[in-house]
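# okay, here's the prediction I keep looking at, along with the sequence it came from:
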Amino acid sequence: MFFFSDHHILATILFTPLAGAFVLLFVPGVCTDLRRKIANCFGLLGLVVSLPLWWKFKSSSAEPFQFVCDASWIPSIDVHFRLGIDGISLLMVMLTTLLGAIAILSSWAAVRHREKEYYILLLLTQAGLLGVFMSLDFVLFYVFWEAMLVPIYFSIAAWGGENRVRAALKFILYTVAGSVVMLLAILAVYHARGTFDVREILLHPFSAESGHLQSWLFWGFFFAFAIKVPMFPFHAWLADAISEAPTGVAIMLAGVLLKTGTYGFLRFSVAMFPNAALQYRSLLITLSVVAILYGALICLAQKDMNRLIAYSSVSQMGFCMLGIFLLSPLGFYGSVILQVSHGLTTGALLAIAGMFYERRHTNVISDFGDLTSSMPKLAVTYLIITCAALGMPLLSGFVGEFSILRGAFDMHWPIAACALLGVLLTVAYLIWLYGRVMLGSATNAGDGNLPDLDRRELATLVTVIILTVWIGIYPASLFRVLRQPIEQILNSIEQLVSVVRPGHCFEAVQSASPQTLPNANLCSVAAPGNAADEAK
């Protein structure tokens, strides 16, 4: 079919939520059920049309990007509507379409006024996020980067909690401030290279000879990405935004929006500016470890479910950032897989918090207790998702965390020890939350009469559970699609410093080029599946 050909499938996926938003514009205001059904149909359709990507994607392809769609957009400045994905983008696109469908489905009973406008904004948010992960032109990337912020701002301001206006304003000010700096960096890249083509710069990244320019460009992109992650100390907007946002928007915020920051670090900061990434690696690893511990400790003091989940995201995304700036194969693999796992489990935890709010109109943890007898289905599904979030073996969280911890131990064991303390704290606050809500003493006489999961809610959570179990049992399917893009990133780094086996970090320092900082001791481990290559 034309729409699912290799050259048009990405455009089809991108424009499906936009088509849904357009259709909703013409639905009469009195047709409430019809609006919900149309929104959910397009949310599910967005997931369905993205599924062929998984079967069509060729992990052994020599091409760095697949399904490329390229059309001239603004010829006067050589800007193209250029889309394409690699293995990293593939996982982010699939995560976005899945959580987009879950976010819309989770809003069925949560939003009861101005439903049409709400669903339109939610679909526009999904389209903007998809565009970020698909764009291969700097200008197009920046357009989608900014476009996704507007519907989120209005969604929080119009359908959020009591402090929604303050939360929305803080969100937009933080993110736009970082975006402005990134725009200057994009213009500087164009001035230096004469192109907005992301592929061209990835193929020929900035070399050590670029000197201070590379450092300035690295920091220009850094602020935009660090705010989105969010890295410590740029995290202040997240807790307010997630706690005040309606459930569907909170799912897209924590589940997908945060990944645009880590995606940017991988795609741009490390791949295009490898010398700067090596130069500032120690600082960024330090900030990542601080985020892991700080976010986990703050979670122990939270009284609201949504705020606890928000600060847990600061800690978990700190793990993802640690994996990236280890600058080793295991770090990269673990970071991307943990991002996918975090999106699934955090999206499900926020959906569960929304279910509690629909039944009790509160998310205060102390207002719940002893729910296992009245909600046995939720008790089981919630427990499995909690185990996946805290990194239990055979579930998705374990794969990413173990890979990052192994990479950190190979580099410098104190880093791994600090990160492991973060894992222990994660177990503490997630088990405490589950125990207090589901097993603790009932504080309200109505807790015993709360309705259990309906079919819509059960389908949402079971879908996430299936995926977390699949990733935990068969992670090779993700390692396979990530191999080519991660090898490409490593190749750009290997040109600056010799790559040695674990345990020989000091030799790497001694063999580093004069342009590389003395403390840039890159320690690499064999990528999964590369044993045969090493034997050769």
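Happy to help now that I have it.
# the host helix or strand of Ala250 - contacts with which helices or strands?
Taking DSSP states H and E as the criterion, Ala250 maps to helix 247-252. With contacts taken as 3 or more C-beta pairs under 8 Å, 6 or more residues apart in numbering; DSSP states H and E, helix 247-252 sits against helix 87-106, helix 115-134, helix 149-159, helix 329-360. In short, each C-beta sits where N, CA and C put it, glycine included.
# the shortest one: which residues count as buried?
Right, helix 149-159. 149, 151-159 (16 or more other C-beta atoms under 10 Å).
# could I get the residues you listed as TSV with pLDDT?
Shown next, in TSV, are those (pLDDT from 0 to 100):
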residue	pLDDT
Leu149	91
Pro151	93
Ile152	94
Tyr153	94
Phe154	93
Ser155	92
Ile156	93
Ala157	91
Ala158	90
Trp159	90
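# which one of those sits closest to Ala476?
Using C-beta to C-beta, the shortest approach to Ala476 within the buried residues of helix 149-159 belongs to Ile152, at 35.0 Å.
# contacting residues around that closest one?
Residues counted as contacts of Ile152 (C-beta atoms under 8 Å, 6 or more residues apart in numbering) are 121, 125, 171, 245, 249, 252-253, 257.
# for the stretch 1-150 of the chain, which spans come out with low pLDDT?
1-6, 29-32 (pLDDT under 70).
# surely Phe171 meets Ile156?
Yes. Using C-beta atoms under 8 Å, Phe171 is in contact with Ile156, at 6.6 Å.
# mutual contacts of these two, please.
Shared contacts of Phe171 and Ile156, defined by C-beta under 8 Å, 6+ apart, are found at Ala241.
# Trp216 contacts Ala188, correct?
Yes. Counting by C-beta under 8 Å, Trp216 does reach Ala188; the two are 7.1 Å apart.
# and Ala417, its phi and psi?
Backbone torsions for Ala417, taken as degrees, to the nearest 10, come to phi -60, psi -40.
# distance of it from Thr175?
Relative to Thr175, Ala417 is positioned 34 Å away (criterion: C-beta to C-beta, to the nearest Å).
# which of these two has more neighbours?
Between Ala417 and Thr175, Thr175 has the larger neighbour count (other C-beta atoms under 10 Å), namely 22 against 13.
# which residues does that one contact?
Listed by C-beta under 8 Å, 6+ apart, the contact set of Thr175 reads 149, 227-228, 237.
# closest to Leu91 out of the residues you listed?
Lys228 (17.3 Å).
# contacting residues around the closest one?
Applying C-beta under 8 Å, 6+ apart to Lys228 gives the contacts 175, 178, 257-258, 260-261, 264.
# most neighbours among the residues you listed, please name it.
Most surrounded of those: other C-beta under 10 Å gives Leu257, at 27 neighbours.
# partners of the strand ranked longest in the chain in the sheet?
Of all the elements of type strand in the chain, the one with the most residues (DSSP state E) is strand 66-74. Sheet pairing of strand 66-74 (DSSP bridges) gives strand 79-85 (antiparallel).
# what angle do the partner strand and helix 115-134 make?
Angle, strand 79-85 to helix 115-134, by axes from the mean of the first three to the mean of the last three C-alpha atoms, to 10 degrees: 80 degrees.
# tilt between strand 79-85 and helix 87-106?
90 degrees.
# tell me the buried residues in strand 79-85?
Neighbour-count burial for strand 79-85, counted by 16+ other C-beta under 10 Å, picks out 79-85.
# in TSV: those residues, plus distance to Phe42.
Formatted as TSV, the buried residues of strand 79-85 follow (distance: C-beta to C-beta, whole Å):
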residue	distance to Phe42
Val79	29
His80	27
Phe81	22
Arg82	25
Leu83	20
Gly84	24
Ile85	21
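# circling back to that earlier point, could I get the buried residues of helix 149-159 as JSON lines with distance to Thr362?
Formatted as JSON lines, the buried residues of helix 149-159 follow (distance: C-beta to C-beta, whole Å):
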{"residue": "Leu149", "distance to Thr362": "29"}
{"residue": "Pro151", "distance to Thr362": "27"}
{"residue": "Ile152", "distance to Thr362": "24"}
{"residue": "Tyr153", "distance to Thr362": "25"}
{"residue": "Phe154", "distance to Thr362": "25"}
{"residue": "Ser155", "distance to Thr362": "21"}
{"residue": "Ile156", "distance to Thr362": "19"}
{"residue": "Ala157", "distance to Thr362": "22"}
{"residue": "Ala158", "distance to Thr362": "21"}
{"residue": "Trp159", "distance to Thr362": "17"}
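# could you pull out the helices in the stretch 401-536 of the chain for me?
For the stretch 401-536 of the chain, helices defined by DSSP state H, counting those that start in this stretch occupy the ranges 413-434, 455-473, 476-494, 505-511, 531-535.
# what's the closest of those helices to Ala19?
Between Ala19 and these, the tightest spacing by C-beta to C-beta is seen for helix 455-473, at 23.3 Å.
# average pLDDT across that closest one?
Mean per-residue pLDDT for helix 455-473: 94.
# tell me what it is packed against?
Here helix 455-473 touches helix 87-106, helix 329-360, helix 376-389, helix 396-411, helix 476-494, going by 3+ C-beta pairs under 8 Å, 6+ apart.
# quick one: the most centrally placed residue in the chain from Ala245, how far?
Taking C-alpha atoms, centre = their mean, the centroid of the chain lies closest to Lys259, which sits 2.3 Å from it. Counting by C-beta to C-beta, the separation of Lys259 from Ala245 is 17 Å.
# repeat that for Val290.
Counting by C-beta to C-beta, the gap from Val290 to Ala245 is 26 Å.
# between those two, which one's more packed in?
Neighbours per residue (other C-beta under 10 Å) separate Val290 from Ala245, with Ala245 holding more: 28 against 15.
# what's near enough to touch that one?
So Ala245 contacts 152, 155-156, 159-160, 164, 167, 253 (C-beta under 8 Å, 6+ apart).
# turn the helices and strands packed on helix 247-252 into TSV, including distance to Leu25.
Formatted as TSV, the helices and strands packed on helix 247-252 follow (distance: least, C-beta to C-beta, whole Å):
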stretch	distance to Leu25
helix 87-106	16
helix 115-134	7
helix 149-159	14
helix 329-360	26
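# low-confidence ranges in the stretch 351-500 of the chain?
In the stretch 351-500 of the chain, residues with pLDDT under 70: 442-448, 496-500.
# redo that, cut-off 50
Within the stretch 351-500 of the chain, the stretches with pLDDT under 50 are 498-500.
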